[in-house]
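**Q** Here is the input, now give the coordinates:
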Amino acid sequence: MPDSSNNAVQVSPDAAFYIVLNAGSGHTETEQRRSTIEAVLGAASRRFRLRVVDEPGAIDEIAASMAAEAVADSAVLVAAGGDGTINAVARQAVKYGCAFGVLPQGTFNYFGRTHGIPEDLADAVHALLASRLQPVQVGTVNGRVFLVNASIGLYPRLLEERELDKKQFGRSRLVAALSALKTILSPHRRLRLVLQIDGKLQRLRTATFFVGNNRLQMEQIGIAPLSAALEDGQLAAVAPKTRGKLGMLWLLLHGALGKMGRLDQADQLATFSFTQMQVKVSRLARRRKVKVATDGEVMQMDSPLEFCVMEARLLLLKPDAAARPAAVSAIEGGLAA
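**A** Have a look, this model is predicted:
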């Protein structure tokens with residue numbers, strides 16, 4: 001069990017921020033975000049360096065470069081974007097062992113919301129200035145980091161369809177919900193899985209297999225024991241047992257409304273927690289690649305899949321509620337002047 005009682009450590013009060021800003025929302029919005037970050041940090045007289053990621057394929061290279069520079073400067077590496085952007089930058093923070101900050105700018109912002117980081121950008125920058133380092137649990141699948149969730153089956157397909165619909169209709173939670181509805185009602189097959197869970201064998205048939213590492217998301221689903229397990233150094237697995245489209249739709253609606261608390265008792269879901277797990281998809285006997293989604297990003301991975309809790313922790317700057325009011329007053333005074 002992780003001991004978080006004395007895990008909070010200090011970062012230099014004048015440490016610079018090395019910020020990776022995702023420009024995925026368009027030029028005008030990106031410039032507004034850049035201006036907000038510069039205004040708040042400038043008013044606080046805080047050193048920073050900001051790099052905008054214009055091409056999605058360049059984020060890993062830029063994040064790695066900024067992480068190396070942050071380590072050399074004893075600075076804090078900061079991700080500004082959605083959960084996918086946060087994941088990409090966090091991977092480099094874990095790799096280089098540097099302090100990590102978040103300015104959430106996505107659709108759902110599960111990671112930021114779980115750790116009390118405001119969704120409003122100006123508020124998030126203020127919070128960053130009044131934060132303390134705390135270690136955060138990291139999950140991996142085949143060595144790839146995930147902070148919120150990883151999944152196979154219907155869910156990765158849902159994410160791909162959602163991204164296409166967002167490009168056409170805009171980024172909003174309503175568009176995301178309608179896109180999910182469309183995907184669930186389309187034809188899909190069930191997976192045959194062979195699981196080795198902490199050394200024990202289990203077989204499972206499901207349309208999608210979901211591994212969570214985010215307390216807020218588990219609470220939204222309504223499975224309290226799994227939410228508690230995440231605080232106890234474990235990951236949480238969820239798989240719907242329902243066979244038909246209407247059953248999947250019912251699960252989706254209850255999940256969206258936060259009313260799934262009794263579904264596991266009604267035998268609609270397979271749920272359990274673990275520290276290590278191997279997942280083999282039976283139908284992939286001749287094709288050893290499986291589509292996996294990690295924090296909203298979809299990729300192909302070799303089967304079997306190896307899930308585990310990473311020994312190293314992410315050193316996250318989390319808002320310090322006691323320190324924030326004084327810091328915000330001082331900064332807002334500087335802005336007014």
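**Q** tell me the domain ranges of the protein?
**A** With domains defined by automatic domain parsing, the chain comprises 17-138+313-336, 144-159+188-309.
**Q** And the last one, end to end?
**A** End-to-end span of domain 144-159+188-309 (C-alpha to C-alpha, to the nearest Å): 11 Å.
**Q** just stretch 114-130 next, same as before
**A** 17 Å.
**Q** Report pLDDT for residue 50.
**A** With respect to pLDDT, residue 50 scores 98.
**Q** Wasn't it part of a strand?
**A** Yes. Per DSSP: H, G, I helix; E, B strand; the rest coil, residue 50 lies within a strand segment.
**Q** what's near enough to touch residue 295?
**A** 83, 84, 86, 87, 111, 146, 147, 148, 149, 150 (C-beta atoms under 8 Å, 6 or more residues apart in numbering). Backbone N, C-alpha and C define where each C-beta goes, glycine included.
**Q** quick one: the fourth one from residue 150, how far?
**A** It stands for residue 87. Residue 87 sits 10 Å away from residue 150, going by C-beta to C-beta, to the nearest Å.
**Q** repeat for the second one
**A** As judged by C-beta to C-beta, residue 84 and residue 150 stand 13 Å apart.
**Q** picking that back up, farthest-apart pair in the contacts of residue 295, please.
**A** Of all pairs drawn from these, the widest gap by C-beta to C-beta lies between 86 and 150 and measures 14.5 Å.
**Q** and the residue nearest to the spatial centre of the chain, what is it in contact with?
**A** With distances taken as C-alpha atoms, centre = their mean, residue 148 lies nearest the centre of the chain, 3.5 Å away. Neighbouring residues of residue 148 by C-beta under 8 Å, 6+ apart: 83, 87, 110, 111, 212, 213, 214, 217, 295, 296.
**Q** Please report which of those has the highest neighbour count.
**A** Among the contacts of residue 148, the one with the most neighbours (other C-beta atoms under 10 Å) is residue 213, at 29 neighbours.
**Q** Now that residue: phi and psi?
**A** Main-chain torsions, residue 213, degrees, to the nearest 10: phi -140, psi 30.
**Q** isn't it right next to residue 139, touching?
**A** Yes. If you go by C-beta atoms under 8 Å, residue 213 and residue 139 touch, sitting 4.0 Å apart.
**Q** so what sits against both of those two?
**A** Both residue 213 and residue 139 are contacted by 146, 147, 150, 235, under the criterion C-beta under 8 Å, 6+ apart.
**Q** about what we covered before: may I see the contacts of residue 148 organised as a markdown table, with distance to residue 223, secondary structure and pLDDT added?
**A** Listed next are these as a markdown table, based on distance: C-beta to C-beta, whole Å; DSSP: H, G, I helix; E, B strand; the rest coil; pLDDT from 0 to 100:
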| residue | distance to residue 223 | secondary structure | pLDDT |
| --- | --- | --- | --- |
| 83 | 20 | helix | 90 |
| 87 | 23 | helix | 96 |
| 110 | 15 | helix | 90 |
| 111 | 19 | helix | 95 |
| 212 | 9 | strand | 93 |
| 213 | 14 | coil | 95 |
| 214 | 12 | coil | 92 |
| 217 | 10 | helix | 83 |
| 295 | 20 | coil | 93 |
| 296 | 21 | coil | 84 |
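**Q** The stretch 101-250 of the chain: strands as residue ranges?
**A** In the stretch 101-250 of the chain, the strands defined using DSSP state E, counting those that start in this stretch lie at 131-136, 139-141, 144-146, 149-153, 191-197, 200-206, 208-212, 235-240.
**Q** Kindly present those strands as a markdown table, with separate columns for distance to residue 37.
**A** Formatted as a markdown table, these follow (distance: least, C-beta to C-beta, whole Å):
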| stretch | distance to residue 37 |
| --- | --- |
| strand 131-136 | 15 |
| strand 139-141 | 29 |
| strand 144-146 | 25 |
| strand 149-153 | 28 |
| strand 191-197 | 43 |
| strand 200-206 | 42 |
| strand 208-212 | 30 |
| strand 235-240 | 33 |
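**Q** Of all those strands, which one comes closest to residue 35?
**A** When the strands of the stretch 101-250 of the chain are compared by C-beta to C-beta, strand 131-136 sits nearest residue 35, at 22.0 Å.
**Q** Counting by contacts, list what that closest one packs against.
**A** Applying 3 or more C-beta pairs under 8 Å, 6 or more residues apart in numbering; DSSP states H and E, one finds that strand 131-136 contacts strand 314-319.
**Q** What is the strand it packs on packed up against?
**A** Going by 3+ C-beta pairs under 8 Å, 6+ apart, strand 314-319 lies up against helix 83-96, strand 99-104, helix 121-129, strand 131-136.
**Q** If you count neighbours, what's buried in the longest one?
**A** Of the residues in helix 83-96, those scored as buried under the neighbour-count criterion (16 or more other C-beta atoms under 10 Å) are 83-94, 96.
**Q** relative orientation of that helix and strand 131-136 in degrees?
**A** 80 degrees (axes from the mean of the first three to the mean of the last three C-alpha atoms, to 10 degrees).
**Q** Measure how helix 83-96 sits relative to strand 99-104, angle-wise.
**A** Using the same axes, to 10 degrees: helix 83-96 against strand 99-104 is 180 degrees.
**Q** Sort out which one of the shared contacts of residue 213 and residue 139 lies nearest residue 23 for me.
**A** For those, the minimum distance to residue 23 (C-beta to C-beta) is 21.4 Å, reached by residue 147.
**Q** Alright, I will stop here.
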